[in-house]
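>>> got a sequence here, can you model it:
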Amino acid sequence: MHKIYIFIKYFFLKTVTIILFNSKKGEYIMTNEIMNNQQIFDNCNEILSQIINDTSVPRNIRKAAENSTSILAKDEEPTIKASTVISILDDISNDPNIPIHARILIWNILSELESVKD
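Below is the predicted model of the structure:
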């Protein structure tokens, strides 16, 4: 019986590094997998939902995050969706009222969306 206590994902461009800890053997297992565009969009939606549900983030920024989520849900070409969301989020990332933690989350989303390809 294998028990896994630690499950960490690192997102760097289109590669996901998953680190698992096998408590029975006392070893770490590391795997790399290439993310497809849908996985990138799913990760971005998760991060955007954090921004949407954070009441310390100004309303205009939460609204832009909601718009970005709806754009990512549309059935369009992946590069068009990514570039549209990048444009929206790039504009709000320069807003002086945005909290630091939300700005960092937006930068993470931007870096993930820049790796979307046809």
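
>>> what sits against the most centrally placed residue in the chain?
Centroid-nearest residue in the chain: residue 44, 3.2 Å away (criterion: CA atoms, centre = their mean). By CB atoms under 8 Å, 6 or more residues apart in numbering, the contact set of residue 44 is 68, 72, 85, 109, 112-113. (C-beta placed from N, C-alpha, C; glycine too.)

>>> if you set the cut-off to 7 Å instead, what comes out?
Contacts were defined as CB atoms under 7 Å, 6 or more residues apart in numbering; by that measure residue 44 touches 72, 109, 112-113.

>>> those residues: which two are farthest apart?
Largest separation among the contacts of residue 44 by CB to CB: 72 and 112, giving 11.2 Å.

>>> could I have stretch 39-59 exported to CSV, CA atoms only?
Coordinates of the C-alpha atoms in stretch 39-59 are reproduced here as CSV (Å, rounded to 0.1, in the frame of the first residue of the first chain):
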residue,chain,number,x,y,z
GLN,A,39,-5.0,22.2,-19.2
ILE,A,40,-3.5,25.7,-19.4
PHE,A,41,-7.0,27.2,-19.7
ASP,A,42,-8.2,25.1,-16.7
ASN,A,43,-5.2,26.3,-14.6
CYS,A,44,-5.9,29.9,-15.5
ASN,A,45,-9.6,29.5,-14.6
GLU,A,46,-8.6,28.2,-11.2
ILE,A,47,-6.4,31.2,-10.6
LEU,A,48,-9.0,33.6,-11.9
SER,A,49,-11.6,32.1,-9.6
GLN,A,50,-9.3,32.9,-6.6
ILE,A,51,-9.3,36.5,-7.8
ILE,A,52,-13.0,36.6,-8.4
ASN,A,53,-13.8,35.3,-4.9
ASP,A,54,-11.3,37.6,-3.1
THR,A,55,-13.2,40.5,-1.6
SER,A,56,-9.9,42.5,-1.1
VAL,A,57,-9.6,42.8,-4.8
PRO,A,58,-11.3,45.9,-6.3
ARG,A,59,-14.6,45.3,-8.2
